[in-house]
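Asks: starting from these lines, generate the structure:
(one chain, ligands or ions: 2)
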Amino acid sequence: MHHFTAASDVTDLPALLAKAARCKADPLQWSTLGRGKTLGLIFFNPSLRTRLSTQKAAHNLGLQCIVMNIGTEGWQLEFEDGAVMNAGTAEHVKDAAAVMGRYCDIIGVRSFPGLKDREEDYQERVLEAFKKYAGVPILSLESATRHPLQSLADLLTIEEYKQVERPKIVLSWAPHPRALPQAVANSFAEWIRASEYDLVITHPEGYDLAAPFFAGHTVTYDQNEALKDADFVYVKNWSSYRQYGQILSQDPSWMITEEKMALTNQGKFMHCLPVRRNVIVADGVIDSADSIVLDQAENRTYAAQAVLATLLGK
Ligand code: AN0
Ligand code: CP
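Replies: Ligands and ions are numbered 1, 2, ... in the order given. Next comes the predicted model:
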């Protein structure tokens, strides 16, 4: 594995999950693996979990970490090849990424989509530029279209809680007042496929994910039908892919309530956080014994640790 930006970067997913579980069982077992090496984490967007869990994972491996809020504290970057830079942008990503590659052995990048230009977002312009110019492995901290560290932690959590070999896993859209990326939902669907589980995706009309992400999964506009007998209910808002970046529905009946969870097989409630309480999910659900959101957040550390260890050659 050279970069970690999508499920397809992983050659042996069961082995990576096993490695994450080993990291959780004994977090300091490879505490000198990263000695003398530097992980750079750069953020074009806010973060709580990704920022803290990835730093904690680095600490557990003896890896030094430097963090920069590049979106607010860095020079405004140019991404256009051959641009005449006589306007707003102060530095070309060609130079910025190459410089960071001289300071860091691995670079983590968080870069959300603009949600205006679908082609530009789905080409992963920022992530691809860092891959091209940094000269070191690139770790996605959530890109325009994917959030692989989240998905790996989600899978680890499902492995911990599943009671049958092939649990019923549901991904449900829920309402949100702002336009959010499709990245978490895309990635969850992609990683569930990579682990050869079945997935039922439910959302209102117009919210279909891009075809490569929902391919092979069941899609229904009937949320109650989807929730029936579910073992895991993964909830997330995303904006429309088809009418790109738009909010087509704020229908409050899609919020996950105790009544809806009663349709499931005492299903576990999952969300990547941050979550808007009583918009996405009722307090009674997220605060219930069947909510595993804190386990997901905790597992972010061990997902990141397994990935960093792999990038360091372990
Ligand atoms: C982001 C998103 O939906 O992609 C980050 C989630 C981990 N969420 C928000 O912006 C609220
Ligand atoms: N789940 C997640 O990635 O959270 P942050 O945006 O706070 O990092």
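
Asks: only C-alpha atoms from now on, for both contacts and neighbour counts.
Replies: Noted.

Asks: which residues touch the closest residue to residue 281 other than its chain neighbours?
Replies: In this structure, residue 281 finds its nearest non-sequential neighbour in residue 256, 4.6 Å apart by CA to CA, 6 or more residues apart in numbering. By CA atoms under 8 Å, 6 or more residues apart in numbering, residue 256 lies in contact with 174, 235, 280, 281, 282, 285.

Asks: ditto for residue 62
Replies: Counting by CA under 8 Å, 6+ apart, residue 62 touches 30, 31, 32, 33, 34, 35.

Asks: so for it, what's the pLDDT?
Replies: pLDDT for residue 62: 98.

Asks: which SS state does it fall under?
Replies: State at residue 62, reduced to three classes by DSSP: H, G, I helix; E, B strand; the rest coil: coil.

Asks: from residue 187, how far off is the residue in the stretch 101-250 of the chain positioned nearest to ligand 2?
Replies: Closest to ligand 2 within the stretch 101-250 of the chain is residue 150: 6.2 Å, counting by CA to the nearest ligand atom. Using CA to CA, to the nearest Å, residue 150 is found at 8 Å from residue 187.

Asks: follow-up on the earlier one: drop anything exposed from the contacts of residue 62.
Replies: For the contacts of residue 62, a burial check counting by 16 or more other CA atoms under 10 Å picks out 33, 34.

Asks: out of the contacts of residue 62, flag the one nearest to ligand 2.
Replies: Using CA to the nearest ligand atom, the contacts of residue 62 come closest to ligand 2 at residue 34, 22.7 Å.

Asks: that closest one and residue 314 touch, don't they?
Replies: No: counting by CA atoms under 8 Å, residue 34 does not reach residue 314; the two are 10.2 Å apart.

Asks: who in this structure is up against ligand 2?
Replies: Applying CA under 6 Å from any ligand atom, we find that the chain lies next to ligand 2 at 47, 48, 49, 50, 51, 272, 273, 274.

Asks: which one of those is nearest residue 19?
Replies: Using CA to CA, residue 50 is the member of the residues of the chain next to ligand 2 that sits closest to residue 19, with 19.0 Å.

Asks: show me where the protein has helices.
Replies: Applying DSSP state H to the chain gives helices spanning 13-25, 49-60, 70-73, 93-103, 118-122, 125-133, 148-161, 183-194, 211-214, 223-227, 258-261, 283-286, 293-311.

Asks: against which helices or strands is the fifth one packed?
Replies: Packed against helix 118-122, as judged by 3 or more CA pairs under 8 Å, 6 or more residues apart in numbering; DSSP states H and E, are no other helices or strands.
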